[in-house]
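**Q** Give me the fold of what follows.
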Amino acid sequence: MRAMRLIRKLSMATVLLTGLLGLPQSALAQTDATPAAPAALTGTLAKVREAGAVAIGYRESSIPFSYLSARNEPIGYSIELCKALVEAMGDAVHKTLAIQWVPVTSESRIDAVVKGQVDLECGSTTSNLERQKRVSFSPTMFISGTKLLVRKGSPVRSYTDLAGKTVAVTSGTTNEKTMRDLSARFKLGLNIVVSRDHADSFALVKAGKADAFATDDVLLYGFIAQDKSTAQGNSDYQVVGDFLSYDPYGVMYRKDDPQLAKVVNDTFHDLAEQGEIERQYKRWFLRKLPSGTSLDLPMSPQLETIIQTMAVKAE
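**A** As a prediction, the model looks like this:
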């Protein structure tokens, strides 16, 4: 990571100096000028340099992407990738940037980015065409899809077994739309209960107030892992059914911000090339979480291909 940061600093300094001074890159070898603070920053980079901090939107219960530790600190796979983005943004503006942590929910996260309340949203957010009309996304960092969490022994094995039953979903998620569409298309007559956040949706199943919780499968496995840590190594819940949607995750940031877009894309390329994305994946999906349990979820072939492609520098 240190080597990657040094290369990025040198590269960014070269780009800024040649752009500001109107010199060809070869001319830099002939000048002893020390890079001054960049004067042509726009959008988010100008904002964070002025503030001295990057506002990161985090989730409280999106295990293992973005959630609170026992010390009430944001941790997770997405959080670590976003910390690398903050370092890269600091390199771009020639200033060490602090992190301002801002909690967001599934419902509030997009507006928080659009309104400038957060600069990066680091959670478990699906990048799709509808959302891309309002915000921008980093390259794909994970691939998931809607499945169902039920109690062990439940007769529910797929969405077709849910006719007339109660399903918990989280407000503002693609999963809510998926279940409403399925209910209408197959005339299931689902009673869909919408909760504020994933933990609240899971709590409805635990309390017997919902027959299933529908959300991205990896988040469901996260809740089961967390449940095992408080239930002597066992859980009363399981994930069932086929994938009901396709959900590629990305880091959200403001739309129409070409300077930040370049930093984000270049950083993800560097992280992929240096193997850092794979290392973080192993840390959060294959090894023990701080709770003492593990998801034991190998990387999918689709994500492996995406990361390998990401590591190739565009000509």
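**Q** Where does the prediction get shaky in the stretch 1-150 of the chain?
**A** 1-39 (pLDDT under 70).
**Q** Go ahead and confirm His269 touches Thr309.
**A** No. Counting by Cβ atoms under 8 Å, His269 does not reach Thr309; the two are 10.1 Å apart. (Each C-beta comes from the backbone N, C-alpha and C, glycine too.)
**Q** Could you check which of those two has the larger neighbour count?
**A** Regarding His269 and Thr309, a neighbour count based on other Cβ atoms under 10 Å identifies His269 as having more, with 16 against 11.
**Q** Would it be right to say that that one lies in a helix?
**A** Yes. With DSSP: H, G, I helix; E, B strand; the rest coil as the criterion, His269 is part of a helix.
**Q** so who does it touch?
**A** His269 is in contact with 310-311, 313, counting by Cβ atoms under 8 Å, 6 or more residues apart in numbering.
**Q** Distance-wise, check it relative to Val251.
**A** Using Cβ to Cβ, to the nearest Å, His269 is found at 14 Å from Val251.
**Q** if we can go back for a sec, just give me the least confident of the contacts of His269.
**A** Within the contacts of His269, Lys313 has the lowest pLDDT, namely 75.
**Q** For it, give me its contacts.
**A** Counting by Cβ under 8 Å, 6+ apart, Lys313 touches 269, 273.
**Q** what secondary structure does it sit in?
**A** Relying on three-state DSSP, one would call Lys313 coil.
**Q** Repeat that for Leu188.
**A** With three-state DSSP as the basis, Leu188 sits in coil.
**Q** Now that it has come up, it's in contact with Val167, right?
**A** No. Using Cβ under 8 Å as the test, Leu188 is too far from Val167 to be in contact (9.1 Å).
**Q** more crowded one of the two?
**A** Taking other Cβ under 10 Å, Leu188 and Val167 do not tie; Val167 has more neighbours (28 against 19).
**Q** The more buried one should be in a strand, yeah?
**A** Yes. Counting by three-state DSSP, Val167 falls inside a strand.
**Q** for the nearest residue to Ser300 once chain neighbours are set aside, what are its contacts?
**A** Once flanking residues are discounted, Ser300 sits nearest to Ile143: 5.9 Å by Cβ to Cβ, 6 or more residues apart in numbering. Residues near Ile143 by Cβ under 8 Å, 6+ apart: 246-249, 300, 302-303, 306.
**Q** Return the closest of the residues you listed with respect to Arg279.
**A** Nearest to Arg279 among these is Leu303, at 14.0 Å by Cβ to Cβ.
**Q** Isn't that closest one up against Phe142?
**A** Yes. Counting by Cβ under 8 Å, Phe142 is a contact partner of Leu303 at 6.5 Å.
**Q** Can you pick out the residue with more neighbours from these two?
**A** Neighbours were counted for Leu303 and for Phe142 using other Cβ under 10 Å; Phe142 has more, 24 against 20.
**Q** Need the contacts of His269 in TSV (columns: distance to Gly43).
**A** As requested, those are arranged in TSV below (distance: Cβ to Cβ, whole Å):
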residue	distance to Gly43
Met310	23
Ala311	27
Lys313	24
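**Q** What is the nearest of these to Ser124?
**A** Scanning the contacts of His269 for proximity to Ser124, where the rule is Cβ to Cβ, the winner is Met310, at 18.9 Å.
**Q** Helix or strand for Ser154, just tell me which one.
**A** Assigned by DSSP states H and E, Ser154 falls within no helix or strand.
**Q** so it touches Ala210, yeah?
**A** No. The criterion here is Cβ under 8 Å, and Ser154 misses it with Ala210 at 11.0 Å.
**Q** of the two, who's got more company?
**A** Legend: neighbour count by other Cβ under 10 Å for Ser154 and Ala210, higher for Ala210 (24 against 17).
**Q** okay but the more buried one is in contact with Ala168, surely?
**A** Yes. Using Cβ under 8 Å, Ala210 makes contact with Ala168 at a distance of 4.0 Å.
**Q** what about the closest residue to Phe186 other than its chain neighbours, distance to Gly189?
**A** Closest residue in space to Phe186, ignoring its immediate chain neighbours: Thr160 at 7.2 Å, by Cβ to Cβ, 6+ apart. Going from Thr160 to Gly189 by Cβ to Cβ gives 12 Å.
**Q** got the contact list for the closest residue to Val169 other than its chain neighbours?
**A** Nearest residue to Val169, sequence neighbours excluded (Cβ to Cβ, 6+ apart): Glu176, at 4.3 Å. With contact taken as Cβ under 8 Å, 6+ apart, Glu176 is in contact with 169-170, 192, 194.
**Q** secondary structure class for Glu176?
**A** Under three-state DSSP, Glu176 comes out as helix.
**Q** Can we start the residue count at 838 from this point?
**A** Will do, 838 is the new start, and the previous item becomes Glu1013.
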